[in-house]
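1. coords below, sequence missing:
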(Lines give C-alpha, C1' and ligand atoms only; values in the text may rest on other atoms or scores of the structure.)
Protein backbone atom coordinates (compact mmCIF):
# COMPACT_ATOMS: atom_id res chain seq x y z
CA UNK A 1 0.00 0.00 0.00
CA UNK A 2 1.49 3.31 -1.06
CA UNK A 3 2.07 5.76 1.77
CA UNK A 4 0.19 9.04 1.39
CA UNK A 5 2.60 11.92 0.88
CA UNK A 6 2.41 14.92 3.18
CA UNK A 7 2.02 18.22 1.27
CA UNK A 8 5.12 20.40 1.37
CA UNK A 9 3.00 23.34 2.53
CA UNK A 10 -0.27 23.62 4.41
CA UNK A 11 -2.46 25.27 1.80
CA UNK A 12 -5.40 25.67 4.20
CA UNK A 13 -3.17 27.66 6.53
CA UNK A 14 -2.21 30.08 3.78
CA UNK A 15 -5.85 30.52 2.75
CA UNK A 16 -6.63 31.55 6.33
CA UNK A 17 -3.62 33.87 6.34
CA UNK A 18 -4.37 35.71 3.12
CA UNK A 19 -8.17 35.75 3.12
CA UNK A 20 -10.05 37.70 0.50
CA UNK A 21 -7.97 40.83 0.14
CA UNK A 22 -10.30 42.51 -2.32
CA UNK A 23 -13.21 42.33 0.11
CA UNK A 24 -11.43 44.11 2.96
CA UNK A 25 -11.93 47.79 3.71
CA UNK A 26 -9.00 49.72 2.27
CA UNK A 27 -7.53 53.08 3.02
CA UNK A 28 -4.17 52.41 1.38
CA UNK A 29 -5.49 52.77 -2.14
CA UNK A 30 -6.68 56.28 -1.30
CA UNK A 31 -3.41 57.22 0.37
CA UNK A 32 -1.17 56.26 -2.57
CA UNK A 33 -2.64 59.00 -4.76
CA UNK A 34 -2.35 61.51 -1.92
CA UNK A 35 1.27 60.56 -1.20
CA UNK A 36 2.23 60.88 -4.86
CA UNK A 37 0.61 64.32 -5.16
CA UNK A 38 2.24 65.47 -1.91
CA UNK A 39 5.71 64.32 -3.03
CA UNK A 40 5.28 65.96 -6.45
CA UNK A 41 4.17 69.25 -4.95
CA UNK A 42 6.97 69.20 -2.36
CA UNK A 43 9.44 69.06 -5.25
CA UNK A 44 7.64 71.85 -7.13
CA UNK A 45 7.06 69.50 -10.06
CA UNK A 46 4.12 69.79 -12.44
CA UNK A 47 2.21 66.83 -13.84
CA UNK A 48 3.72 67.64 -17.22
CA UNK A 49 7.26 67.43 -15.83
CA UNK A 50 6.50 64.13 -14.10
CA UNK A 51 5.02 62.88 -17.36
CA UNK A 52 8.23 63.69 -19.25
CA UNK A 53 10.35 61.94 -16.62
CA UNK A 54 8.30 58.74 -16.52
CA UNK A 55 6.73 58.46 -19.96
CA UNK A 56 3.24 58.26 -18.41
CA UNK A 57 0.52 60.50 -19.84
CA UNK A 58 -0.24 63.54 -17.65
CA UNK A 59 -3.96 62.69 -17.67
CA UNK A 60 -3.18 59.19 -16.37
CA UNK A 61 -1.02 60.67 -13.58
CA UNK A 62 -3.82 63.07 -12.66
CA UNK A 63 -6.26 60.15 -12.37
CA UNK A 64 -3.86 58.39 -10.00
CA UNK A 65 -3.67 61.45 -7.77
CA UNK A 66 -7.47 61.85 -7.73
CA UNK A 67 -7.95 58.10 -7.09
CA UNK A 68 -9.77 57.39 -10.34
CA UNK A 69 -7.04 54.90 -11.21
CA UNK A 70 -5.05 52.79 -8.73
CA UNK A 71 -1.49 52.26 -9.99
CA UNK A 72 0.20 48.91 -10.44
CA UNK A 73 3.36 48.21 -8.46
CA UNK A 74 5.68 48.70 -11.46
CA UNK A 75 4.07 52.07 -12.10
CA UNK A 76 4.64 53.13 -8.48
CA UNK A 77 8.30 52.10 -8.70
CA UNK A 78 8.85 54.25 -11.81
CA UNK A 79 7.09 57.18 -10.16
CA UNK A 80 9.13 56.79 -6.95
CA UNK A 81 12.36 56.92 -8.97
CA UNK A 82 11.27 60.09 -10.76
CA UNK A 83 10.29 61.68 -7.43
CA UNK A 84 13.50 60.51 -5.74
CA UNK A 85 11.42 58.75 -3.09
CA UNK A 86 11.46 55.24 -1.64
CA UNK A 87 8.98 52.83 -3.22
CA UNK A 88 7.83 51.63 0.22
CA UNK A 89 7.18 55.19 1.35
CA UNK A 90 4.55 55.58 -1.36
CA UNK A 91 3.04 52.12 -0.90
CA UNK A 92 2.79 51.97 2.87
CA UNK A 93 4.36 55.07 4.39
CA UNK A 94 7.87 55.87 5.60
CA UNK A 95 7.84 53.90 8.85
CA UNK A 96 9.57 54.84 12.09
CA UNK A 97 10.92 51.57 13.57
CA UNK A 98 14.04 49.41 13.05
CA UNK A 99 11.94 46.22 12.79
CA UNK A 100 8.39 45.01 12.22
CA UNK A 101 6.49 42.06 13.65
CA UNK A 102 3.19 41.98 11.79
CA UNK A 103 0.47 39.82 13.32
CA UNK A 104 -2.16 38.51 10.94
CA UNK A 105 -4.86 40.46 12.80
CA UNK A 106 -2.85 43.68 12.36
CA UNK A 107 -2.40 43.57 8.58
CA UNK A 108 -3.99 46.89 7.64
CA UNK A 109 -2.52 48.30 4.46
CA UNK A 110 -4.65 47.02 1.60
CA UNK A 111 -4.57 48.46 -1.91
CA UNK A 112 -5.84 47.42 -5.31
CA UNK A 113 -4.41 47.99 -8.75
CA UNK A 114 -6.42 48.61 -11.88
CA UNK A 115 -5.86 48.86 -15.60
CA UNK A 116 -4.62 52.18 -16.96
CA UNK A 117 -8.22 53.22 -17.61
CA UNK A 118 -9.28 52.15 -14.12
CA UNK A 119 -11.94 49.87 -15.62
CA UNK A 120 -10.54 46.51 -14.55
CA UNK A 121 -9.36 45.30 -11.15
CA UNK A 122 -6.05 43.45 -11.72
CA UNK A 123 -4.79 42.60 -8.25
CA UNK A 124 -4.94 43.57 -4.58
CA UNK A 125 -2.07 43.72 -2.12
CA UNK A 126 -1.18 44.46 1.46
CA UNK A 127 2.20 45.40 2.94
CA UNK A 128 3.71 43.26 5.70
CA UNK A 129 6.35 45.62 7.12
CA UNK A 130 5.16 49.23 6.79
CA UNK A 131 6.64 50.25 10.16
CA UNK A 132 10.30 49.75 9.16
CA UNK A 133 12.08 53.01 8.33
CA UNK A 134 14.49 53.23 5.39
CA UNK A 135 13.60 49.74 4.14
CA UNK A 136 14.92 48.59 0.75
CA UNK A 137 12.68 45.51 0.51
CA UNK A 138 8.89 45.56 0.42
CA UNK A 139 7.17 42.26 1.35
CA UNK A 140 3.58 42.03 0.07
CA UNK A 141 0.71 39.57 0.01
CA UNK A 142 -0.82 39.90 -3.46
CA UNK A 143 -4.12 38.48 -4.64
CA UNK A 144 -4.01 38.18 -8.42
CA UNK A 145 -6.99 38.23 -10.78
CA UNK A 146 -7.32 36.89 -14.29
CA UNK A 147 -6.11 39.55 -16.72
CA UNK A 148 -6.28 39.03 -20.50
CA UNK A 149 -4.63 42.44 -20.94
CA UNK A 150 -0.85 42.10 -20.71
CA UNK A 151 0.78 45.20 -19.31
CA UNK A 152 4.49 44.28 -19.17
CA UNK A 153 6.51 46.10 -16.54
CA UNK A 154 10.23 46.85 -16.51
CA UNK A 155 12.12 48.83 -13.86
CA UNK A 156 15.14 48.75 -11.56
CA UNK A 157 15.33 46.29 -8.68
CA UNK A 158 14.77 42.61 -8.01
CA UNK A 159 11.69 40.53 -7.18
CA UNK A 160 10.96 37.24 -5.42
CA UNK A 161 7.58 35.53 -5.72
CA UNK A 162 6.24 32.50 -3.83
CA UNK A 163 2.85 31.08 -4.78
CA UNK A 164 0.56 30.47 -1.79
CA UNK A 165 -2.59 29.26 -3.55
CA UNK A 166 -4.09 29.08 -7.01
CA UNK A 167 -2.07 29.05 -10.23
CA UNK A 168 -0.13 32.12 -11.34
CA UNK A 169 0.91 32.76 -14.93
CA UNK A 170 4.22 34.62 -15.24
CA UNK A 171 5.84 36.00 -18.37
CA UNK A 172 9.52 36.94 -18.23
CA UNK A 173 10.79 38.36 -21.49
CA UNK A 174 9.78 35.81 -24.16
CA UNK A 175 9.20 32.97 -21.70
CA UNK A 176 5.97 31.93 -20.01
CA UNK A 177 5.64 29.92 -16.78
CA UNK A 178 2.74 28.48 -14.79
CA UNK A 179 3.47 28.53 -11.07
CA UNK A 180 1.64 26.27 -8.61
CA UNK A 181 1.47 26.53 -4.79
CA UNK A 182 4.97 26.09 -3.40
CA UNK A 183 6.65 27.27 -6.62
CA UNK A 184 8.83 30.36 -6.48
CA UNK A 185 10.78 32.62 -8.81
CA UNK A 186 13.48 35.27 -8.37
CA UNK A 187 14.22 37.67 -11.21
CA UNK A 188 15.74 41.02 -12.04
CA UNK A 189 12.97 43.58 -12.45
CA UNK A 190 14.72 45.00 -15.53
CA UNK A 191 13.45 41.92 -17.43
CA UNK A 192 10.00 42.79 -18.86
CA UNK A 193 7.50 40.87 -16.73
CA UNK A 194 3.80 40.29 -16.23
CA UNK A 195 1.91 38.10 -13.75
CA UNK A 196 -1.76 37.18 -13.31
CA UNK A 197 -3.96 34.35 -12.06
CA UNK A 198 -4.46 31.57 -14.59
CA UNK A 199 -8.13 31.37 -13.62
CA UNK A 200 -10.24 33.03 -10.93
CA UNK A 201 -7.66 34.18 -8.35
CA UNK A 202 -4.21 33.24 -7.07
CA UNK A 203 -2.36 34.51 -4.01
CA UNK A 204 1.36 35.11 -3.85
CA UNK A 205 3.97 36.40 -1.45
CA UNK A 206 6.01 39.02 -3.32
CA UNK A 207 9.18 40.63 -2.05
CA UNK A 208 10.33 43.63 -4.06
CA UNK A 209 13.84 44.98 -3.64
CA UNK A 210 14.06 48.62 -4.68
CA UNK A 211 17.67 49.45 -5.57
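-> Cool, got the structure. Predicted model, so just to flag it, every value in this text is computed and none were measured.
2. please make it C-alpha for all contacts and neighbour counts, starting now.
-> Fine.
3. what ranges does the protein have for its strands?
-> Applying DSSP state E to the chain gives strands spanning 110-114, 121-127, 137-145, 158-165, 168-172, 175-179, 184-188, 193-197, 201-209.
4. what's the angle from the fourth one to strand 168-172?
-> What that stands for is strand 158-165. Put simply, strand 158-165 runs at 160 degrees to strand 168-172, going by axes from the mean of the first three to the mean of the last three Cα atoms, to 10 degrees.
5. mean confidence for strand 158-165?
-> For strand 158-165, the mean pLDDT works out to 98.
6. report the contact partners of the most centrally placed residue in the chain.
-> By Cα atoms, centre = their mean, the mean C-alpha position of the chain lies nearest to residue 73, the distance being 4.3 Å. Shown in contact with residue 73 (Cα atoms under 8 Å, 6 or more residues apart in numbering): residue 113.
7. and the pLDDT for it?
-> With respect to pLDDT, residue 73 has a value of 91.
8. a markdown table for the strands of the chain, including mean neighbour count?
-> Listed next are the strands of the chain as a markdown table, based on neighbours: other Cα atoms under 10 Å:
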| stretch | mean neighbour count |
| --- | --- |
| strand 110-114 | 22 |
| strand 121-127 | 23 |
| strand 137-145 | 23 |
| strand 158-165 | 21 |
| strand 168-172 | 20 |
| strand 175-179 | 14 |
| strand 184-188 | 14 |
| strand 193-197 | 23 |
| strand 201-209 | 22 |
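9. turn those strands into TSV, including distance to residue 58.
-> Formatted as TSV, the strands of the chain follow (distance: least, Cα to Cα, whole Å):
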stretch	distance to residue 58
strand 110-114	17
strand 121-127	21
strand 137-145	27
strand 158-165	27
strand 168-172	28
strand 175-179	32
strand 184-188	28
strand 193-197	24
strand 201-209	26
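10. of all the ones you listed, which one is nearest residue 93?
-> Ranking those by proximity to residue 93 (Cα to Cα) places strand 121-127 first, at 10.0 Å.
11. the inter-axis angle of the closest one versus strand 110-114?
-> 150 degrees.
12. which elements pack onto strand 121-127?
-> Applying 3 or more Cα pairs under 8 Å, 6 or more residues apart in numbering; DSSP states H and E, one finds that strand 121-127 contacts strand 110-114, strand 137-145.
13. model confidence over the first one, on average?
-> I take that to be strand 110-114. Rounded mean pLDDT across strand 110-114 is 83.
14. now for that strand, which elements pack on it?
-> If you count contacts as 3+ Cα pairs under 8 Å, 6+ apart, strand 110-114 packs onto helix 28-42, strand 121-127.
15. which of those has the lowest mean pLDDT?
-> Across the helices and strands packed on strand 110-114, helix 28-42 gives the lowest mean pLDDT, at a mean of 87.
16. could you dump the helices and strands packed on strand 121-127 to a markdown table with distance to residue 43?
-> Output for the helices and strands packed on strand 121-127, formatted as a markdown table (distance: least, Cα to Cα, whole Å):
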| stretch | distance to residue 43 |
| --- | --- |
| strand 110-114 | 25 |
| strand 137-145 | 24 |
